[in-house]
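>>> here is a sequence with its predicted model. Questions after.
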There are 2 protein chains.
Amino acid sequence: MTQPQINNWQAIQNEVLRRIHAREWPPGQVIPNEVDLAAEFGCARATMNRALRALADAGMLERRRKAGTRVALHPVSRATLDIPVIRQEIEDRGLKYSYNLIARNTATPLASLGPAQKALHVTALHCANAAPYAYEDRWINLSTLPEAANQPFTVINANEWLLMHAPFTHGDIRFSCMAVPAAHAKRLGTTPGTPVFVTQRTTWDHARTITSVRLIFAPGYSIHTTIGSPPLAD
Amino acid sequence: MTQPQINNWQAIQNEVLRRIHAREWPPGQVIPNEVDLAAEFGCARATMNRALRALADAGMLERRRKAGTRVALHPVSRATLDIPVIRQEIEDRGLKYSYNLIARNTATPLASLGPAQKALHVTALHCANAAPYAYEDRWINLSTLPEAANQPFTVINANEWLLMHAPFTHGDIRFSCMAVPAAHAKRLGTTPGTPVFVTQRTTWDHARTITSVRLIFAPGYSIHTTIGSPPLAD
DNA sequence: GAGTGGTCTAGACCACGGT
DNA sequence: CCGTGGTCTAGACCACTCG
């Protein structure tokens, strides 16, 4: 009996996933090459390639020329994490977003932006329904973005201005936690020493640093994401 | 002399990125359709499709049939996050991994696994160079995985056993922080109330819950990731 | 050296969804 | 309706890398 005709690459992907799950192709095992699989599934090699490449991107397979394709030893958990714009994050929860600039001045940053350059230092508070949501401490590189010096950042927040005027090519994010410093506790509506979630993000335009920002979230904040896809028609 | 390949999809992708970046195609603008772009770049439509689809996957473009392709309004920051196996995470830092089972018993879980089912409750400590690294509190669904009842989990840790014997189809992760409870402070080599990073993860095999685990990391832990790709040959 | 995946092509049909 | 992206095909050449 031949396999039921499966034409699309996603169906082929599902079948490959099934074999991996069912241990027909256990972790570490080399699976047949694209040509043979394409023949088995009755599809073109390009279609087979698409299915296998997608699985490799997802971390389920490891592919190397000449060596072939093998099932990943540790079916890696790879999650895609959307870094939200704070305003959207708040409004998506049906809350009213507001923003308050705390301070804005020019200074020489510590180290976050690399070698001593002139930078704009902006601190602000993001609120949801008037309650503190996150404290922002940001450095903007004035060598890269001299026009930022003319921006007050009183109404338009720095993040949104930057998104509109200085898209980045790549970035770097770190998630951690700390005890909220006494200086910020009151602003965040909590008491010194309370554990708070912190994200530290730096973005570049090619080789130039654009901005480096630290967000300290009010207590209770968490990030949520998923691995793999929810149960489809399985 | 060898011209750099101008006809591969990555080069085309880079050129499209350049135009977005240079505001030749500002946010929200509809860009030409695949056929026209393929003609302009002198490539096949499939190649153009590959380049544009990759950018859409990365969140830079939004594509809809008939409506066409437009530059994303908020060049979304989409990071891919690799959820590491703890042993690897530790060994990758050149440290020696060790594992200590704290407790193991059968009970009815609270809610993490869904409606009351019999489950195995395992608590353990992961160490790096003999120093506490993370405290693990795990429930394993015995309805889905009855064979887990025969596993002592004294030498092989639960995560690795599960990876080998019960691959998941999808999962759900939450990152947060909290003050370390008095009951765990000593185990983690710290004092009660210290801020600690917490991950809560649940995994499924199709519709069945496999396991739900909470990891409390020793102070100082952070997660690092990147957005976009580091500066290539630009 | 030779086998494998990576990519490109030219053409085709289809599915979705604005108009 | 009909333009747009989504996908498939059959064939081809290339680049990497293992043995």
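Looks like it arrived, so ask away.

>>> just the strands in chain A please.
Using DSSP state E, the strands found in chain A span residues A:30-31, A:61-64, A:68-71, A:77-83, A:97-107, A:119-128, A:131-141, A:170-179, A:195-205, A:208-217, A:223-228.

>>> quick one: those strands as TSV, columns for distance to B:Gln200 and mean neighbour count too.
For the C-beta atoms, the positions are set from N, CA and C on the backbone; glycine is no exception. Output for these, formatted as TSV (distance: least, CB to CB, whole Å; neighbours: other CB atoms under 10 Å in any protein chain shown):
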stretch	distance to B:Gln200	mean neighbour count
strand A:30-31	34	16
strand A:61-64	28	16
strand A:68-71	28	18
strand A:77-83	13	17
strand A:97-107	27	14
strand A:119-128	23	20
strand A:131-141	21	22
strand A:170-179	14	19
strand A:195-205	14	22
strand A:208-217	17	22
strand A:223-228	9	17
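
>>> mind showing which ranges of chain A have poor pLDDT?
Applying pLDDT under 70 to chain A flags residues A:1-7, A:76, A:111-116, A:229-234.

>>> near DNA strand C, which residues of it?
A:33-35, A:45-46, A:49, A:52-53, A:56, A:63-69 (CB under 7 Å from any atom of the strand).

>>> apply 10 Å and report the result again.
Taking CB under 10 Å from any atom of the strand as the contact definition, chain A meets DNA strand C at A:7-8, A:30-38, A:44-46, A:48-50, A:52-53, A:56-57, A:61-70.

>>> of the residues you listed, which belong to helices?
If you go by DSSP state H, these have A:34-38, A:45-46, A:48-50, A:52-53, A:56-57 in helices.

>>> now distance to DNA strand D too, for those residues, in CSV please.
Output for these, formatted as CSV (distance: CB to the nearest atom of the strand, whole Å):
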residue, distance to DNA strand D
A:Glu34, 9
A:Val35, 9
A:Asp36, 14
A:Leu37, 11
A:Ala38, 7
A:Arg45, 6
A:Ala46, 4
A:Met48, 8
A:Asn49, 8
A:Arg50, 5
A:Leu52, 12
A:Arg53, 11
A:Ala56, 14
A:Asp57, 13
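
>>> from B:Arg201, how far out is the residue nearest the centre of chain A?
The geometric centre of chain A, computed from its C-alpha atoms, lies nearest to A:Leu81 (CA atoms, centre = their mean), at 3.9 Å. Distance of A:Leu81 to B:Arg201, computed by CB to CB, to the nearest Å: 14 Å.

>>> any idea how far A:Ala179 is from DNA strand D?
46 Å (CB to the nearest atom of the strand, to the nearest Å).

>>> is it true that that residue touches A:Gly193?
Yes - with contacts counted by CB atoms under 8 Å, A:Ala179 reaches A:Gly193, the gap being 4.7 Å.

>>> hang on, the earlier thing: turn the strands of chain A into CSV, including distance to B:Gly94.
Below are the strands of chain A laid out as CSV (distance: least, CB to CB, whole Å):
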stretch, distance to B:Gly94
strand A:30-31, 30
strand A:61-64, 23
strand A:68-71, 26
strand A:77-83, 23
strand A:97-107, 38
strand A:119-128, 35
strand A:131-141, 32
strand A:170-179, 20
strand A:195-205, 24
strand A:208-217, 28
strand A:223-228, 27
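
>>> hang on, isn't A:Leu142 packed against A:Pro109?
No - judged on CB under 8 Å, A:Leu142 makes no contact with A:Pro109 at a distance of 10.1 Å.

>>> between these two, what contacts are shared?
A:117, A:119 (CB atoms under 8 Å, 6 or more residues apart in numbering or on different chains).

>>> these two: who's more crowded?
Per other CB atoms under 10 Å in any protein chain shown, whichever of A:Leu142 and A:Pro109 has more neighbours is A:Pro109, with 19 against 16.

>>> give me every residue that touches A:Met60.
Neighbouring residues of A:Met60 by CB under 8 Å, 6+ apart: A:17, A:20, A:71-72, A:75-76.

>>> no no, A:Val155
By CB under 8 Å, 6+ apart, the contact set of A:Val155 is A:Tyr99.

>>> for B:Thr211, see how far away A:Leu94 is.
Leu isn't right for residue A:94; it's Gly. For A:Gly94, the distance to B:Thr211 - CB to CB - is 33 Å.

>>> near DNA strand D at all, stretch A:60-74?
Yes - Stretch A:60-74 comes into contact with DNA strand D (CB under 10 Å from any atom of the strand), by way of A:64-68.

>>> and that stretch, how far apart are its ends?
This stretch, stretch A:60-74, spans 8 Å end to end (CA to CA, to the nearest Å).

>>> with just CA atoms, put stretch A:102-121 into CSV.
C-alpha atoms of stretch A:102-121 as CSV (Å, rounded to 0.1, in the frame of the first residue of the first chain):
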residue,chain,number,x,y,z
ILE,A,102,11.5,62.1,34.7
ALA,A,103,14.8,63.5,33.5
ARG,A,104,16.7,64.3,30.3
ASN,A,105,20.3,65.5,30.1
THR,A,106,23.5,65.1,28.1
ALA,A,107,26.3,63.2,29.6
THR,A,108,29.0,60.7,29.0
PRO,A,109,27.6,57.2,29.5
LEU,A,110,29.3,54.6,31.7
ALA,A,111,30.0,51.7,29.4
SER,A,112,26.7,50.6,27.8
LEU,A,113,27.3,52.5,24.6
GLY,A,114,31.0,51.5,24.2
PRO,A,115,33.9,54.0,24.2
ALA,A,116,33.1,57.4,25.7
GLN,A,117,30.8,59.3,23.5
LYS,A,118,28.4,62.1,24.0
ALA,A,119,25.0,60.7,24.8
LEU,A,120,21.5,61.7,25.9
HIS,A,121,20.4,60.2,29.1
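
>>> what is the burial count for A:Tyr221?
Per other CB under 10 Å, the neighbour tally for A:Tyr221 reads 19.

>>> give the contact list for the residue nearest to it when sequence neighbours are not counted.
Among residues not flanking A:Tyr221 along the chain, A:Phe197 sits closest, at 4.5 Å (CB to CB, 6 or more residues apart in numbering or on different chains). By CB under 8 Å, 6+ apart, the contact list for A:Phe197 reads A:175, A:177, A:216-217, A:221-223, B:175-177.

>>> before we move on, what about A:Asn157?
Per CB under 8 Å, 6+ apart, neighbours of A:Asn157: A:86-87, A:99, A:124, A:126, A:136.

>>> same question for A:Leu125.
A:99-100, A:102, A:132-136, A:187.

>>> so how far is A:Asn33 from the closest residue in space to A:Thr69 that isn't next to it in sequence?
If you skip the residues right next to it in sequence, A:Thr69 has A:Arg63 as its closest partner in space, 4.7 Å away by CB to CB, 6+ apart. Relative to A:Asn33, A:Arg63 is positioned 10 Å away (CB to CB).

>>> give me the common contacts of the two.
Common contact partners of A:Arg63 and A:Asn33 (CB under 8 Å, 6+ apart): A:Thr69.

>>> domain ranges for chain A?
As assigned by automatic domain parsing, chain A contains the domains A:9-71, A:86-217.

>>> what residues are bridge-paired with the closest residue to A:Arg201 other than its chain neighbours?
Distance criterion CB to CB, 6+ apart; nearest residue to A:Arg201, sequence neighbours excluded, is A:Ile173 at 4.8 Å. Beta-bridge pairing of A:Ile173 under DSSP bridges involves A:Arg201, B:Thr225.
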